[in-house]
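Participant: this one's structure only:
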């Protein structure tokens, strides 16, 4: 389904075991959708062409306002960034080096900071999968369509950035 689409980048990442009830899971997914949508709007604004420049400016302004309100709320619970890892990300999985990986089949909450310019932790519910020693693999499952779309956009943009960097420009 991902058609080989992936990106590999260094980003802060941590995981913790979690058995989320439906309400907690819904809250995490709603927050992740908001954050990733805002990241995509703000970081990808210069790359995308829109039918009307005024509409595009208003969309970016709205994303920034949503994010400013979220930042204000998040400021009440500050915390240090997780340790950086080399992460291979697809729209449905994350893989990274980990000395003590989560047990296959366990429910997790992944915490990552996908944007260098915005110090926000994206929290995603996931299911650990079997991985070779020294590595961890987690699958994102049962995501709302808006979050799936935001993940595809994010991974696609980072994938393009990797290709441009390898090509020297």
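Facilitator: That came through, no problem. Everything numeric here is computed off the predicted structure, so don't read it as measured data.
Participant: I'd say residue 138 and residue 127 touch.
Facilitator: Yes: using Cβ atoms under 8 Å, residue 138 makes contact with residue 127 at a distance of 6.6 Å. No exception for glycine: its C-beta is placed from N, CA and C like everyone else's.
Participant: of these two, who's got more company?
Facilitator: residue 138 (26 against 16; other Cβ atoms under 10 Å).
Participant: any idea of the pLDDT on that one?
Facilitator: Looking at residue 138, its pLDDT reads 98.
Participant: What of residue 121?
Facilitator: Note on residue 121: pLDDT of 85.
Participant: Please report how far the residue lying closest to it once chain neighbours are set aside lies from residue 80.
Facilitator: Spatial nearest neighbour of residue 121, chain neighbours left out: residue 111 (5.0 Å); criterion: Cβ to Cβ, 6 or more residues apart in numbering. For residue 111, the distance to residue 80 (Cβ to Cβ, to the nearest Å) stands at 11 Å.
Participant: Looking at these two, which one has more neighbours?
Facilitator: A direct count of neighbours by other Cβ under 10 Å for residue 111 and residue 80 places residue 111 higher, at 17 against 8.
Participant: any chance you could map the helices in the protein?
Facilitator: 22-44, 53-74, 145-167 (DSSP state H).
Participant: relative to helix 145-167, how tilted is the first one?
Facilitator: Between the axes of helix 22-44 and helix 145-167, defined by axes from the mean of the first three to the mean of the last three Cα atoms, to 10 degrees, the angle is 40 degrees.
Participant: Thank you, goodbye.
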